[in-house]
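Engineer: Need a 3D model of the sequence below.
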Amino acid sequence: MQAHDGNSPRDEETALKWSGQVGITAFLLKFGLGMEEVPTKRLYISALTIGMGYLVGGLIPLLPYFFIEKAHVALIYSSIVTGIVLLIFGAVKAHITGAGVGASTYVWGAVSTLLVGGIAAGAAFGIVKALEG
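Structural biologist: Down below sits the predicted model:
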C-alpha cells in the first residue's frame with residue numbers, strides 16, 4: 001500500500017476545485033445532503049412562484065372588503081372565505097404530499113391547516129390589540 005503524501009495530481013485538482021468553497025457548509029451541501037448548485041433560471045421561476053403565491057394568498061382575505069362597505073360585515077365574510085380556502089388548501093396539501101390514504105387523511109389535513117391559520121390570525125390580532133394599548 002502506498003503512503004499518501006498529498007502531492008499527487010489528483011489531490012491538486014480536488015484542492016483547486018474546492019478552493020473557493022471551504023468550510024462545513026459547503027461540505028454538507030455537497031456531500032451530506034447531496035445538493036447541487038441551482039440553475040439561475042430555476043431561481044427566478046421559484047421566486048416568481050413564491051411571490052405570486054403570496055400575492056394571491058394575501059388578496060383572498062381582502063376580497064370582501066372590495067365589495068362590502070361596512071368593515072365589520074366584511075370581516076365576517078373575509079373570515080368565512082379565508083376559512084374555506086384554508087380547508088381546501090389543507091385537503092389538497094394532504095393529497096399532494098401523500099400524507100395518507102382515505103377521506104380521514106384529507107379531513108385531518110384540512111382541519112389542521114385551518115387550525116394553524118386560525119391560531120396565526122388570532123396571534124396577529126392579539127399583537128395588534130396589545131400594541132394599540
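Engineer: can you give me the strands for the chain?
Structural biologist: In the chain, no strands are defined using DSSP state E.
Engineer: separation between the spatially most central residue of it and residue 132?
Structural biologist: With distances taken as CA atoms, centre = their mean, residue 50 lies nearest the centre of the chain, 8.2 Å away. Using CB to CB, to the nearest Å, residue 50 is found at 31 Å from residue 132. Heads up, the C-betas are built off the backbone N, CA and C, glycines and all.
Engineer: Same check on residue 95?
Structural biologist: From residue 95 to residue 132 the distance is 41 Å (CB to CB).
Engineer: Looking at the two, which has the bigger crowd around it?
Structural biologist: residue 95 (14 against 6; other CB atoms under 10 Å).
Engineer: Not counting residues beside it along the chain, what's closest to the more buried one?
Structural biologist: Spatially, and ignoring its direct neighbours in sequence, residue 95 is nearest to residue 106 (6.4 Å; CB to CB, 6 or more residues apart in numbering).
Engineer: what sits against that neighbour?
Structural biologist: Going by CB atoms under 8 Å, 6 or more residues apart in numbering, residue 106 touches 91, 94, 95.
Engineer: Now intersect those with the helices, please.
Structural biologist: Among these, the ones falling in helices (DSSP state H) are 91, 94, 95.
Engineer: So what's the residue count around the second one?
Structural biologist: The burial count assigned to residue 94 is 20, neighbours taken as other CB under 10 Å.
Engineer: wait, isn't it in contact with residue 104?
Structural biologist: No. Taking contacts as CB atoms under 8 Å, residue 94 lies outside contact range of residue 104: 9.9 Å.
Engineer: I'd like the contacts of residue 106 laid out as a markdown table, including distance to residue 117 and pLDDT.
Structural biologist: Listed next are the contacts of residue 106 as a markdown table, based on distance: CB to CB, whole Å; pLDDT from 0 to 100:
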| residue | distance to residue 117 | pLDDT |
| --- | --- | --- |
| 91 | 13 | 93 |
| 94 | 15 | 91 |
| 95 | 18 | 90 |
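Engineer: Tabulate the residues you listed (TSV), appending distance to residue 113.
Structural biologist: Listed next are the contacts of residue 106 as TSV, based on distance: CB to CB, whole Å:
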residue	distance to residue 113
91	8
94	8
95	12
